[in-house]
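>>> need coordinates for the following:
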Amino acid sequence: MLSDQDEDVALRMMSVIGMFAVAIFLASAFTPFANMLGSWTSVRGELGPADAIVVLGAGGPTPPGILDGSSSRKTLYGIRLYHNGLAPLLVLSGAPDDGEQREEVSLRVDLARGHGVPAQAIVAETRPRASEQPTTHGEALHVRSLLAERGVRTVVLVTDSQHMRRAKRVYERVGFSVLPAPIDEISLDATAPEARLRLVRWIGEEFLAKLYYLAAGYI
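The predicted model follows:
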């Protein structure tokens, strides 16, 4: 059992932690703190000529086989970069087909073809890959294998500005030179309290992911 003194110390610590949590909540929701943190932790775009444009996976489709908004927007951004002449190849990553269920990669290929990208310019693997982990690191290794015979060295990487820092390091670690092309689902200029709290949660989730990748030696 704790002594009266230990209990007093514990209560004081809990009080301090509670006050700190409330202060962070209030600052995140009602001050520009979230916006400044988002600007500091994000990666800005550095577009330029490359050997390939790589659109990272952004989540599976919603039934019955329709790309979700985030995946669709990132794919459309990659398509636009291709039509702007940044690279001769468009690499579409994401979840492979699951039996007869068409998943993200397959649907992205359809979207690209429908927007005028020729089949020979699209690099994608729609079949399941038993050895690939559905992570940024596993995705990078798979993209490297897809491009191994094509002499690709520099890639334009399409993902959101928070994920970009980790993704860029992972792709550099597996041998690519990376030009970031971020596209965000959450505004870094959020003004409403709810939007600012979403921004802080997004930043926090990516921070934890970076810690894991550092511990795992992926970046």
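>>> contact partners for the closest residue to Asp160 other than its chain neighbours?
Distance criterion CB to CB, 6 or more residues apart in numbering; nearest residue to Asp160, sequence neighbours excluded, is Asp184 at 5.0 Å. Every residue, glycine included, has its C-beta placed from N, CA and C. Asp184 sits next to 42, 160-162 when contact means CB atoms under 8 Å, 6 or more residues apart in numbering.
>>> phi, psi of Gln120?
Main-chain dihedrals, Gln120, degrees, to the nearest 10: phi -70, psi -10.
>>> how near is it to Ala112?
Distance of Gln120 to Ala112, given as CB to CB, to the nearest Å: 12 Å.
>>> of these two, who's got more company?
Ala112 (23 against 8; other CB atoms under 10 Å).
>>> that one: helix or strand, and which one exactly?
helix 104-114 (DSSP states H and E).
>>> mean pLDDT per helix and strand in this structure: which one sits at the bottom?
Across the helices and strands of the chain, mean pLDDT, DSSP states H and E gives its lowest value to helix 4-30, namely a mean of 59.
>>> identify the residue spatially nearest to the residue nearest to the spatial centre of the chain, adjacent ones excluded.
Nearest to the geometric centre of the chain sits His163, at 3.9 Å (CA atoms, centre = their mean). Nearest non-adjacent residue to His163, counting by CB to CB, 6+ apart: Glu206, 6.1 Å away.
>>> wait, doesn't the one you found sit right on Met164?
No - here Glu206 lies out of contact with Met164, judged by CB atoms under 8 Å, at a distance of 9.4 Å.
>>> ok, the two, which is more surrounded?
Met164 (25 against 19).
>>> in which helix or strand does the more buried one reside?
helix 161-173.
>>> let me know the next secondary structure element after that helix.
Toward the C-terminus from helix 161-173 - assigned by DSSP H and E - lies strand 177-182.
>>> now that following strand and helix 161-173, what's the angle there?
170 degrees (axes from the mean of the first three to the mean of the last three CA atoms, to 10 degrees).
>>> now the element after strand 177-182, going C-ward?
Following strand 177-182 in sequence, per DSSP H and E, is helix 193-216.
>>> what helices or strands is that following helix leaning on?
Applying 3 or more CB pairs under 8 Å, 6 or more residues apart in numbering; DSSP states H and E, we find helix 193-216 packed against helix 4-30, helix 33-41, helix 136-147, helix 161-173.
>>> give me that answer again for 6 Å
helix 4-30, helix 33-41, helix 161-173 (3 or more CB pairs under 6 Å, 6 or more residues apart in numbering; DSSP states H and E).
>>> I would like the residues contacting the next helix or strand after the shortest one, please.
Towards the C-terminus, the helix or strand next in line after helix 33-41, according to DSSP H and E, is strand 52-55. Residues lying outside strand 52-55 but in contact with it, judged by CB atoms under 6 Å, 6 or more residues apart in numbering, are 74-75, 78, 81-82, 87, 89-92, 143, 152, 155-158.
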